[in-house]
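# Could you look at this predicted model? Sequence included:
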Amino acid sequence: MLLSVRDFRPSDSDTLVEILRANLQYGDPAAEGPDAMLRVRACNAAEFLVAEADGRPVGMIRGVYDGSRALIHIVSVHPDFHRCGIGTALVRAIAKRFKKRGATGLAVTVPGNRLDFWKQLSFKLATRIMLAHPIDEVLAG
């Protein structure tokens, strides 16, 4: 298997949606769907990388750097390629990008029970994330 990590392309959208669905990570199309992917691609604070195996997308990672801190929002690898090192390759690739931009640390939002994967990459459990979705609930406050 020839693996490469590259920047997201708009033509990746449909395949990435399939990967997200296969991993039960497509609960909010407004935040994870093709239109959102295009917005992330256009955002200067964002990094959006795709893993390719033998020329086809098999995984993705998205995160942001705010000028001080970096945060990974989502990692998703096609189930047929779990435990092949693709998730690790994506995390290391985005970490390199963030370091080049000036980040000295990296955080991740971890849904579910994937703590072991992150611990293997030197992440430590530090805090909990609280969500307000939709954002209108905060504004109605």
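Yep, it's here. Numbers count the residues shown, from 1 in each chain.
# what's the following helix or strand after the top strand by length along the chain?
When the chain is parsed with DSSP state E, its longest strand is strand 56-65. Per DSSP states H and E, the first helix or strand lying C-terminal to strand 56-65 is strand 70-77.
# follow-up on the earlier one: for the longest strand of the chain, packing partners?
helix 13-22, strand 46-53, strand 70-77, helix 86-101 (3 or more C-beta pairs under 8 Å, 6 or more residues apart in numbering; DSSP states H and E). Where C-beta positions appear, they are placed from N, C-alpha and C, glycine not excepted.
# just for the chain, where's the confidence low?
112, 128, 141 (pLDDT under 70).
# before we move on, the earlier item: right, so of the helices and strands packed on strand 56-65, which gets closest to residue 126?
strand 70-77 (12.2 Å; C-beta to C-beta).
# Contacts for the longest strand of the chain, please.
Strand 56-65 has contacts (C-beta atoms under 8 Å, 6 or more residues apart in numbering) with 8, 12, 15-16, 19, 40, 43, 45-52, 70-78, 80-81, 86-87, 90-91, 93-94, 98, 101-103, 108.
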